[in-house]
Structure formats: structure tokens, C-alpha cells
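Chemist: mind folding the following:
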Amino acid sequence: MRCQHCKEPPCMAVCPTKAIDRTPEGVVVLDPRRCIGCLMCALACPFGHPRYSPETRTVVKCDFCVDGLREGRQPAGVEACPTGALRVGTVEEVM
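Modeler: Numbers count the residues shown, from 1 in each chain. Have a look, this model is predicted:
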């Protein structure tokens, strides 16, 4: 399950180091430099999205390719989807 970039993200509310924040575009992002790998965000997420990375000993999550969005591109998952099943936008826009 991918990150839903919730309006009121429970992962952000429980992060003790404030490593999870929202960009001006509304994208929920994680700063790995602040993450201590406590997994509070993973436990709070109703979608089970944030995952622990043993390599970095931090949590990783989808950042919706926010840098690409700022340049007018679609997230990588949307661009790579071979069937076109993934779309970005409001419910009204993607229906």
C-alpha cells in the first residue's frame, strides 16, 4: 500500500523527532536525518506504509516524488505504471 498523504497524517502526529512534515504542496515527507527508526509512524499509519530500512536504520516512505511534481512531472510510480491504473489528482479529477 502506498502512502495516502493524509490530510491529518497520524504518522506525523506521533513522530517524536518531527521527522515527518507536510510540504506546501500537501505531500507528507520524511527527513531521514531526523528519523531515529522508532517505528511510531509505522504503527500509527492505518495503511501500513512507512517501512523500516535495516540498511539505513530509519523509516522510509513515499515522498510522492515531490521534486518532480515541482517541475511538473508525475510521480515515478504513475509514470512507470504499464496499465495507467495509477493517477494523481483529486477524486473528481481521476474519475
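Chemist: what's near enough to touch G26?
Modeler: Applying Cβ atoms under 8 Å, 6 or more residues apart in numbering to G26 gives the contacts H5. To be clear about C-beta, it is placed using only N, CA and C from the backbone, and glycine gets the same treatment.
Chemist: for the most centrally placed residue in the chain, which three-state class applies?
Modeler: Centroid-nearest residue in the chain, with Cα atoms, centre = their mean: C62, separated by 3.5 Å. Assigned by DSSP: H, G, I helix; E, B strand; the rest coil, the conformation of C62 is coil.
Chemist: give me the number of residues near the closest residue to it other than its chain neighbours?
Modeler: Counting by Cβ to Cβ, 6 or more residues apart in numbering, the nearest residue to C62 once its immediate chain neighbours are dropped is C3, at 4.1 Å. Residues lying near C3 (other Cβ atoms under 10 Å) number 19.
Chemist: related to what we said a few turns ago, from R2, how far off is the residue nearest to the centre of the chain?
Modeler: 5 Å (Cβ to Cβ, to the nearest Å).
Chemist: any shared contact partners between these two?
Modeler: Joint contacts of C62 and R2 (Cβ under 8 Å, 6+ apart) are H49, G77.
Chemist: on that earlier part again, ok, the residue nearest to the centre of the chain - contacts?
Modeler: Here C62 is in contact with R2, C3, H49, P75, G77 (criterion: Cβ under 8 Å, 6+ apart).
Chemist: need the helix or strand of the protein with the lowest average pLDDT.
Modeler: helix 91-94 (a mean of 83; mean pLDDT, DSSP states H and E).
Chemist: with only the CA atoms kept, save that helix in PDB.
Modeler: Taking C-alpha atoms only, helix 91-94 is exported to PDB below (Å, rounded to 0.1, in the frame of the first residue of the first chain):
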ATOM      1  CA  VAL A  91     -11.200  12.100  -6.800                       C
ATOM      2  CA  GLU A  92     -13.100  14.300  -9.300                       C
ATOM      3  CA  GLU A  93     -10.000  14.700 -11.500                       C
ATOM      4  CA  VAL A  94      -9.200  11.000 -11.700                       C
END
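Chemist: many thanks, have a good one.
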